[in-house]
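> give me a 3D structure for the following:
(one chain, ligands or ions: 1)
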Amino acid sequence: MNAASVLARAEAAGVRFVLDAGRVRMTSDRPPPPDVVTDLRQHRDDVAHLLALREAVADPGEHDGAEAVALAAHHAAAAHPHAYKPTDPDPLRDGLLAAAMRRPPAWADNLAEPSRGSVCASCAGRRWWGDRLGWRCATCHPRPRDYRPSGRWREVQT
Ligand SMILES: [Zn+2]
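Prediction:
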């Protein structure tokens with residue numbers, strides 16, 4: 001039994017969970033069945049992690065939402081019936097990769113050129129331009145018509 005099913009079974013038994021400074025607090029109108037309590041103890045850390053993810057996903061201001069969703073899906077999924085193969089669908093890997101490829105619309109480090117696969121976190125664009133001041137998304141921050149670079153500038157497509 002994985003943490004997601006332990007959590008679902010406990011909630012179906014009337015147990016309510018609150019995260020309080022990283023600690024899980026449980027309340028219930030009636031004592032939960034002993035096996036539910038045993039399962040919760042066995043999966044305590046994973047259940048706490050799932051509850052934290054659930055809160056992160058519910059918060060619209062959470063900028064790591066894509067990563068949190070991928071982790072929640074990973075923890076909710078049943079164990080793989082066979083050994084992992086790189087070609088298998090992997091929501092955790094894909095979610096982490098998508099989160100890693102998100103770039104802000106602009107940043108001040110001109111050495112941090114956007115890499116292949118980078119997408120703008122604001123518009124999902126893949127065209128960037130950079131000069132000695134840094135890099136910008138070409139859609140969110142297009143080069144001004146009267147742009148006069150004081151040094152080299154480049155445009156890249158990711
Ligand atoms: Zn953009």
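> only C-alpha atoms from now on, for both contacts and neighbour counts.
Fine.
> could you point out which element follows the lowest-mean-pLDDT helix or strand in the chain?
The least trusted helix or strand in the chain, going by mean pLDDT, DSSP states H and E, turns out to be helix 65-76, with a mean of 70. Next along the chain after helix 65-76, taking DSSP states H and E as the criterion, comes helix 91-101.
> any idea of the mean pLDDT in that next one?
Helix 91-101 carries an average pLDDT of 89.
> kindly report the same for stretch 128-142.
96.
> how about stretch 150-158?
On average, stretch 150-158 scores 92.
> got a list of contacts for it?
Applying CA atoms under 8 Å, 6 or more residues apart in numbering, the external contacts of stretch 150-158 come out as 114-119, 126-132.
> could you list which of these belong to strands?
Judged by DSSP state E, these include 119, 127, 128, 129, 130, 131 as members of strands.
> so who does the residue sitting nearest the centre point of the chain touch?
When the chain is reduced to its mean C-alpha position, the nearest residue by CA atoms, centre = their mean turns out to be residue 67, at 1.1 Å. The contact partners of residue 67, taken as CA under 8 Å, 6+ apart, are 92, 95, 96, 98, 99.
> do residue 141 as well
105, 106.
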